[in-house]
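>>> build me a model from this:
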Amino acid sequence: MKFGLQLGYWMAQPPPHAGELVVAAENAGFDAVFAAESWGSDAFDPLAWWGSSTHRVRLGTSVVQMSARTPAATAMHALTLDHLSGGRMILGLGVSGPQVVEGWYGQPFAKPLARTREYVDIVRKVLARQAPVTNEGPHYRLPYTGPGALGLGKPLKPIVHPLRADLPIWLGAEGPKNVALTAEIADGWLAIYYAPRLAGMYNDWLDEGFARSGARRRREDFEIAASCQVVITDDASGELERMRWIMALYLGGMGAPELNFHAQVYRRMGYEREVDEIGRLFQAGEKERAAALVPDEMILDTAIIGDEAHVRDRLKVWEAAGVTMMLVSAPDVEQLHRLAPLVDM
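Residues are numbered from 1 along each chain as shown. Purely as a prediction, here's the structure:
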């Protein structure tokens, strides 16, 4: 099982030690470094900037929000960074949620599965560079022929010859239909809030996709990168307290109350009552009470916290559940160095 470093997205300011973390991750034997985006920093520029100090580690987006860019624009970003890094780019894509898609990007959120399929198909056509790229839609028509079109659009193929036509595309997916689609059309799954005890359920979703006609991969050559808070500490209770606030934010504030994909994930884990009450309190502004309601087991289903021996034991459980990469974060180089011995387990 490999390790990837998740840089995430920026808060009010750029993180002060990210460049050092990226270099330390490469030196420690991490397989990849990922950057994310929400509605502030983007995912590509940090990889290009900090990744320029690396030579081996793969550079991935986790994830690029599809509504932020047309498929052709995303393909241009990916092929450019793939050239600059010598073939180390992983393109991680995700649909985000309706609050961001419609509120920030001004795009419709409807039919996310159909849009994902079409989006990935266009990106692959650009990277293949076998012919001028066309697409009949309905979501991304090339050439464009909708309202306001002059009728002068011309099918094009990239001027730059992509370094790899098979540049890996991973999808961020949380629900059963999206995970099945990921297994069908992608090279890997970026799993958020993965719970090893539900591996059987995830495998059913994945197997549905692998079994479809024309599926791109088999399980043996498909990557599952699971985001996980892995913290080596002698103060597990203090770390759990910190994570309660983060959990309350994602369950109560990162999505519309009637359509919060993170909340749906935890409902499927069996926490329906807790999710409903945490969400209600968070939306009412009672964030402290909402965080207090997050039980330890809700955090520990999707995180590993404890001394080194405990962390090593739990990592074996995640690997046995089918995870091929642990996607971890570290606040500073010291914490990353504490994780480094785990890379060569």
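>>> per-residue pLDDT, the residue nearest to D31 when sequence neighbours are not counted?
Leaving aside its sequence neighbours, D31 sits nearest to K2 (CB to CB, 6 or more residues apart in numbering; 3.8 Å). The C-beta positions use only the backbone N, C-alpha and C, and glycine is treated the same way. Looking at K2, its pLDDT stands at 97.
>>> report the beta-bridge partners for K2.
M325 (DSSP bridges).
>>> for V230, phi and psi?
Dihedral angles of V230 (phi, psi; degrees, to the nearest 10) stand at phi -110, psi 110.
>>> and the helix or strand in which L190 is found, how far out from the chain middle?
Secondary structure from DSSP states H and E places L190 in strand 188-191. Strand 188-191 sits 7 Å away from the centroid of its parent chain (CA atoms, centre = their mean, to the nearest Å).
>>> tell me if I'm right that W245 and A291 touch.
Yes. Counting by CB atoms under 8 Å, W245 does reach A291; the two are 4.7 Å apart.
>>> comparing those two, which shows the higher neighbour count?
Comparing W245 with A291 by other CB atoms under 10 Å, the one with more neighbours is A291, at 22 against 14.
>>> just the element for that one, please.
Assigned by DSSP H and E, A291 belongs to helix 287-292.
>>> which strands or helices does that helix pack on?
helix 236-252, helix 272-283 (3 or more CB pairs under 8 Å, 6 or more residues apart in numbering; DSSP states H and E).
>>> what's the shortest one in contact with?
Contacts of helix 272-283 from elsewhere in the structure, counted by CB atoms under 8 Å, 6 or more residues apart in numbering, are 247-249, 251-253, 257, 260, 263, 266-267, 287, 289-290, 293-295, 298.
>>> swap in the first one?
Contacts to helix 236-252, defined as CB under 8 Å, 6+ apart, come from residues 229, 231, 233, 260, 262-263, 266, 275, 278-279, 281-283, 287, 290-294, 296, 298-300, 303, 305-306.
>>> what subset of these is buried?
Neighbour counting by 16 or more other CB atoms under 10 Å classes 229, 231, 233, 260, 262-263, 266, 275, 278-279, 281-282, 287, 290-291, 293-294, 298-300, 303, 305-306 among the contacts of helix 236-252 as buried.
>>> tell me the secondary structure at D234.
Three-state call for D234 (DSSP: H, G, I helix; E, B strand; the rest coil): coil.
>>> from H310, how far off is it?
For D234, the distance to H310 (CB to CB, to the nearest Å) stands at 11 Å.
>>> between those two, who's got more neighbours?
Between D234 and H310, counting by other CB under 10 Å, H310 is the more crowded of the two (14 against 9).
>>> gap between the strand or helix carrying G200 and the chain center?
Per DSSP H and E, G200 falls inside helix 199-210. Distance, stretch centre to chain centre, for helix 199-210: 18 Å (CA atoms, centre = their mean).
>>> next: stretch 23-36.
Computed by CA atoms, centre = their mean, the chain-centroid distance of stretch 23-36 equals 16 Å.
>>> and what of stretch 56-70?
Distance, centroid of stretch 56-70 to centroid of chain: 8 Å (CA atoms, centre = their mean).
>>> can you list the buried residues in it?
57-70.
>>> what number of residues lie near P143?
Counted by other CB under 10 Å, the residues lying close to P143 total 15.
>>> might one say that it is in contact with K154?
Yes. Here P143 reaches K154: they are 6.5 Å apart, a contact under CB under 8 Å.
>>> so what touches stretch 119-126?
Identification of contacts with stretch 119-126 by CB under 8 Å, 6+ apart yields 66, 71-72, 74-76, 78-79, 91, 93, 131, 133, 135, 139-140, 142, 157-158, 162, 165, 169, 171, 185-186.
>>> so which residues of the stretch 1-150 of the chain form helices?
According to DSSP state H, counting those that start in this stretch, the stretch 1-150 of the chain carries its helices in the segments 18-28, 44-51, 71-84, 98-103, 112-128.
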